[in-house]
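Novice: Sharing a model prediction with you, sequence too.
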Amino acid sequence: MSALVVAAVAGAVACEPAGGLNSASIAVTTDRVGTGALERNGVDVQWLNCTAGVDGDRTVGASPAVSARRIADVDCTGKSAKGEAITLTGKVTQELGGRCVRGDLAAKTGGKAVFRADVLGNCDAAPSAAVWNPPPPAGGAGVRPTVTVTVTVTETPMGK
């Protein structure tokens, strides 16, 4: 099942719109780098789930010039190991290949502000060729099954 999710996200990323933002890649990247940022700020994240919506009509800049960027609204909800609600919300103006998101993002845990940032992740990191494989659902094994392809060939006897 997770292979389908990765394939769907990879397919969605391949069809990135001309404005440079894709809601699936923004959601996945924000989830990953947001979890890391929360944990570096002392929040033990049990789970975090992010959604993103790209607004094609809004751009950053005075006119719809070539340098104008589209804006995505990001909304993440989750739970800490202490059972407190986690929110990470804001606007994203750029996503760089799963390494980082830029924009205006704020995180809260248990109703208290954890951080406000204009960059989450490491935008200077080298792009990774690795495929991101999300962790299994709670209670699932930590090892993923290997994909096996089986080909069945049916032969017909000659002369009949």
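Specialist: Sure thing, it's come through.
Novice: in this protein, which spans are helices?
Specialist: 2-14, 23-40 (DSSP state H).
Novice: Any idea which of those has the lowest pLDDT on average?
Specialist: For these, the weakest mean pLDDT is recorded on helix 2-14, namely a mean of 38.
Novice: What number of residues are in the vicinity of Lys82?
Specialist: 10 (other C-beta atoms under 10 Å). For the C-beta atoms, the positions are set from N, CA and C on the backbone; glycine is no exception.
Novice: Once you drop chain neighbours, what's closest to it?
Specialist: Asp44 (7.1 Å; C-beta to C-beta, 6 or more residues apart in numbering).
Novice: Report how many residues lie close to the one you found.
Specialist: 11.
Novice: quick one, what contacts it?
Specialist: 80-82 (C-beta atoms under 8 Å, 6 or more residues apart in numbering).
Novice: Against Gly110, how distant is it?
Specialist: Asp44 sits at a distance of 12 Å from Gly110 (criterion: C-beta to C-beta, to the nearest Å).
Novice: Now do the shared contacts for the two.
Specialist: 80, 82.
Novice: thinking again about what came up before, which among the contacts of Asp44 gets closest to Asp124?
Specialist: Ser80 (29.1 Å; C-beta to C-beta).
Novice: Could you double-check that the closest one sits in contact with Gly111?
Specialist: No - the pair Ser80 / Gly111 is not scored as a contact, 11.9 Å apart, by C-beta atoms under 8 Å.
Novice: which of those two has more neighbours?
Specialist: Ser80 (19 against 8).
Novice: where does the more buried one land on pLDDT?
Specialist: Reported pLDDT for Ser80: 95.
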